[in-house]
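> The sequence and its predicted three-dimensional model are supplied below.
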Amino acid sequence: MTGVLIAQAGLLMGSVLLTDTWVQANVKMPQSQVDKLFVLELSIALSVVILTATVFYLASRRYKDALEQNNLQLQDEVHRQVTSGLAKRNALIHGLAKLADYRDTDTGQHLDRIGYFARVIADHIAPNHPEITEGWTDRLVLASSLHDIGKVGIPDSILLKPGRLTEDERTIMEKHALIGAETLLSIRTKLGTDEFIDMGIEIALQHHEKWDGSGYPFGVSEKGISLAARIIAIADVYDALTSERVYKKAMSHDKATQIIQDGKGTHFDPEIVDAFDANAAIFNAIRANAHSNDSHQLEFMDIESAARSFMNENFYKRAA
């Protein structure tokens, strides 16, 4: 546009000068009249240049606004597609984790409770940890469902054994932390770096590590254990203690609380134990609500109802 304006201005000025020269050479009129004609021609030329510049400016603004609008729409669409893709990925991974959890729990609700417990603790300690943002906590809740995904690689004869495990059986059982981490690492290899998967790997690998370094699989201690894994460690132990399994009865809230308190500074991060103590009533309420009114039967009734609704919904779609 600048080049067009310069060329137009040059042509107009050249025309004005040529016209003025021709008028002075061929038209007999007072010099004052010639000067007025020259000023008029110059004014017209400048007006044309200014008008052209104005049109170009308005056109460029309109183009820029349209381009910005298109960019915003494109960004919104990319964001929508990414969000939709992440939601589908997260839902799929959570569903697979829940499938694994069905192997040694009654309803798969164990993972939901772990998520509730984790959020309570994370919200409580957030003021002391700048990394705990709303997004971090949301990832923690979802990634918590992956903590025992490695149990899919443990034989039922060990996973569901009603009695005490032998040393060899316990060694095999403890491998679930490595199996879970390896499974998620293979996903990470395909997807690339991802905060959610990275947190899931940390939790799967380290949720059985202990504050004093006596845990497994690597005997990591204190702050060497990720914050996410330290939170899930307490949430998992509390729910395991207070839930019934094929190999044990459920423990009372008070007894489970005492065991966690006794593990302060040895099994568990002292700060996380303090957060648990401050919110013990909330833990108990979540536990009591989850285990009341025959939740096992209710869960499967809900699943059957949802499945029938799905079939009916798709039947009417096909009929239409």
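Noted; the coordinates are in hand.
> ok, so what distance separates the residue nearest to residue 163 when sequence neighbours are not counted from residue 191?
The shortest distance from residue 163 to any non-neighbouring residue, by C-beta to C-beta, 6 or more residues apart in numbering, is to residue 247 (7.2 Å). Where you see a C-beta, it was placed from the backbone N, CA and C, and this is true even at glycine. Taken as C-beta to C-beta, to the nearest Å, the spacing of residue 247 relative to residue 191 amounts to 36 Å.
> With residue 123 instead?
In terms of C-beta to C-beta, residue 123 sits 29 Å off from residue 191.
> Over to residue 198?
10 Å.
> Residue 63 too?
Taken as C-beta to C-beta, the span from residue 63 to residue 191 is 39 Å.
> How about residue 111?
21 Å.
> Just want to know which of those two has more residues nearby.
Neighbours per residue (other C-beta atoms under 10 Å) separate residue 111 from residue 191, with residue 111 holding more: 23 against 11.
> any idea which helix or strand comes after the helix or strand hosting the more buried one?
Using DSSP states H and E, the element containing residue 111 is helix 109-125. Later in the chain than helix 109-125, the nearest helix or strand by DSSP H and E is helix 134-143.
> quick one: buried residues of that next one?
136-137, 139-143 (16 or more other C-beta atoms under 10 Å).
> and these as CSV, adding pLDDT and distance to residue 31?
CSV is the format used below for the buried residues of helix 134-143 (pLDDT from 0 to 100; distance: C-beta to C-beta, whole Å):
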residue, pLDDT, distance to residue 31
136, 95, 84
137, 95, 87
139, 92, 86
140, 94, 90
141, 92, 90
142, 89, 89
143, 91, 91
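> could you dump the residues you listed to CSV with distance to residue 78?
Formatted as CSV, the buried residues of helix 134-143 follow (distance: C-beta to C-beta, whole Å):
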residue, distance to residue 78
136, 23
137, 25
139, 21
140, 26
141, 26
142, 22
143, 25
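> got the contact list for stretch 221-235?
113-114, 117-118, 121-122, 129, 131-132, 140, 143-144, 147, 199, 202-203, 205-213, 260, 267-269, 272-273, 276 (C-beta atoms under 8 Å, 6 or more residues apart in numbering).
> Show me just the buried residues among these.
Going by neighbour count (16+ other C-beta under 10 Å), the contacts of stretch 221-235 have 113-114, 117-118, 121-122, 132, 140, 143-144, 147, 199, 202-203, 205-211, 260, 267-269, 272-273, 276 buried.
> I'd like to know which elements the helix or strand hosting residue 75 is packed against.
Residue 75 is located in helix 31-101, with elements delineated by DSSP H and E. If contacts are counted by 3 or more C-beta pairs under 8 Å, 6 or more residues apart in numbering; DSSP states H and E, helix 31-101 sits against helix 2-26, helix 109-125, helix 195-206.
> Dump those into CSV; add distance to residue 39 and mean pLDDT as well.
Formatted as CSV, the helices and strands packed on helix 31-101 follow (distance: least, C-beta to C-beta, whole Å; pLDDT from 0 to 100):
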stretch, distance to residue 39, mean pLDDT
helix 2-26, 10, 70
helix 109-125, 78, 92
helix 195-206, 71, 93
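> from these, which stretch is densest packed?
helix 195-206 (a mean of 23; mean count of other C-beta atoms under 10 Å).
> Provide the angle between the direction of it and the direction of helix 134-143.
50 degrees (axes from the mean of the first three to the mean of the last three C-alpha atoms, to 10 degrees).
> what's the following helix or strand after helix 195-206?
Assigned by DSSP H and E, the successor of helix 195-206 is helix 227-242.
> Tell me the gap between that following helix and the middle of its chain.
22 Å (C-alpha atoms, centre = their mean, to the nearest Å).
> again, but for stretch 28-40
77 Å.
> quick one: which of the helices and strands packed on helix 31-101 is nearest residue 164?
helix 109-125 (21.7 Å; C-beta to C-beta).
> Mind giving me the packing neighbours of that closest one?
Counting by 3+ C-beta pairs under 8 Å, 6+ apart, helix 109-125 packs on helix 31-101, helix 134-143, helix 227-242, helix 270-278, helix 280-290.
> With distance to residue 180 added, can I get the ones you listed in JSON lines?
Formatted as JSON lines, the helices and strands packed on helix 109-125 follow (distance: least, C-beta to C-beta, whole Å):
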{"stretch": "helix 31-101", "distance to residue 180": "9"}
{"stretch": "helix 134-143", "distance to residue 180": "11"}
{"stretch": "helix 227-242", "distance to residue 180": "12"}
{"stretch": "helix 270-278", "distance to residue 180": "21"}
{"stretch": "helix 280-290", "distance to residue 180": "23"}
